[in-house]
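**Student:** fold the following and give me the result.
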Amino acid sequence: MSEEKMAAWLKSLSACTDCELHQEGNLGPVQFSGDSSSPLMFVGEGPGGVEDEYGVPLVGPSGKLLDKALWSVGLTRDHVYVTNIIKCRPKNNRTPTLEEGKRCANIHLVKEIELVQPKVIVCLGKVAFQYFYGRTASIMRNRGKWFQWHDIPVMPTYHPAFLLRQTGHELVESKWQVYYDFKAAAEKAKEAMPDFIFKSPEQPDLLTLYADVKEQRQKKG
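**Tutor:** Below you'll find the predicted structure:
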């Protein structure tokens, strides 16, 4: 992948005003985290407060849970590519609508996929799942079931935020489901690119790693 092309896309992303979300009191579009050469891409829904502050996806409470889940299947965040359907934080942390997801993804996510060329995509939550699936469907009924999107295998599963809302038996069951979904995705990605390194010896501290991005956003804001 061309670093120049990625830099050009990031520049266009940071300047994006193509929908009303940029007017909802956020600091602007959030970029990706991780390794743009990774064969494994994770796509979430939209940034929350911590993500809006740091300028990268899934670094708040949901991100910490994601890190643990990735570690359990032999992955770390610095060796996968993580992004969102929605690039700007919706007001009051509301769930983005499917139409907002489709509009933003058609502008930015398709470009990311073109640049990164992932071998496997994991979509986290309903908004991401329904964008790739192409129609309204239940994430609960479809999680764990592979389907193809432009010849790329896609694994739908729960968003970490969903797990944070679970308790008791439901939480235990949901965590195991996500574990098996991640495990299947990791195995498929490793089959596609067996020489790629998917895990660091320790989990990276993302808030330290992206502190400079946070500082730049605060100056811009």
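**Student:** only C-alpha atoms for contact and neighbour calcs from this point on.
**Tutor:** Noted.
**Student:** so who does Ser36 touch?
**Tutor:** By Cα atoms under 8 Å, 6 or more residues apart in numbering, the contact list for Ser36 reads Val80, Tyr81, Val116.
**Student:** an error on my part: the question was meant for Lys183.
**Tutor:** Val73.
**Student:** give me the mean pLDDT for the host helix or strand of it.
**Tutor:** Under the criterion of DSSP states H and E, Lys183 resides in helix 168-192. Helix 168-192 comes out with an average pLDDT of 97.
**Student:** still on that earlier bit, export the contacts of Ser36 to CSV and tack on distance to Thr136 and pLDDT?
**Tutor:** Formatted as CSV, those follow (distance: Cα to Cα, whole Å; pLDDT from 0 to 100):
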residue, distance to Thr136, pLDDT
Val80, 28, 98
Tyr81, 26, 97
Val116, 27, 96
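**Student:** which of these ranks first by neighbour count?
**Tutor:** Neighbour counts for the contacts of Ser36 (other Cα atoms under 10 Å) peak at Val80, which has 23 neighbours.
**Student:** how much space between that residue and Gly101?
**Tutor:** When distance is defined by Cα to Cα, to the nearest Å, Val80 is 22 Å away from Gly101.
**Student:** now do Leu21
**Tutor:** Applying Cα to Cα to Leu21 and Gly101 gives a distance of 11 Å.
**Student:** for the protein, give me the ranges with low pLDDT.
**Tutor:** Within the chain, the stretches with pLDDT under 70 are 1, 221.
**Student:** quick revisit: filter the contacts of Ser36 down to the ones in strands?
**Tutor:** Tyr81 (DSSP state E).
**Student:** and which of the contacts of Ser36 is nearest Ser33?
**Tutor:** Nearest to Ser33 among the contacts of Ser36: Tyr81, at 6.1 Å, using Cα to Cα.
**Student:** how near is the closest one to Gly144?
**Tutor:** Tyr81 is 20 Å from Gly144, by Cα to Cα.
**Student:** show me where this structure has its strands.
**Tutor:** Using DSSP E, the strands of the chain run over 33-34, 40-44, 81-84, 120-124, 147-149, 152-157.
**Student:** can I get the ones you listed in JSON lines with distance to Pro201?
**Tutor:** What follows is the strands of the chain, written out as JSON lines (distance: least, Cα to Cα, whole Å):
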{"stretch": "strand 33-34", "distance to Pro201": "15"}
{"stretch": "strand 40-44", "distance to Pro201": "19"}
{"stretch": "strand 81-84", "distance to Pro201": "18"}
{"stretch": "strand 120-124", "distance to Pro201": "23"}
{"stretch": "strand 147-149", "distance to Pro201": "32"}
{"stretch": "strand 152-157", "distance to Pro201": "26"}
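**Student:** which among these is found nearest to Ile139?
**Tutor:** Nearest to Ile139 among the strands of the chain is strand 152-157; the distance by Cα to Cα comes to 7.0 Å.
**Student:** residues contacting stretch 46-66, please?
**Tutor:** Outside of stretch 46-66, the residues within contact range by Cα under 8 Å, 6+ apart are 26-33, 44, 82-90, 93, 95-96, 160-161, 164, 206-207, 210-211, 213-215, 217-218.
**Student:** surely Ile152 is in contact with Ile121?
**Tutor:** Yes - shown here, Ile152 and Ile121 form a contact pair, counting by Cα atoms under 8 Å, at 7.2 Å.
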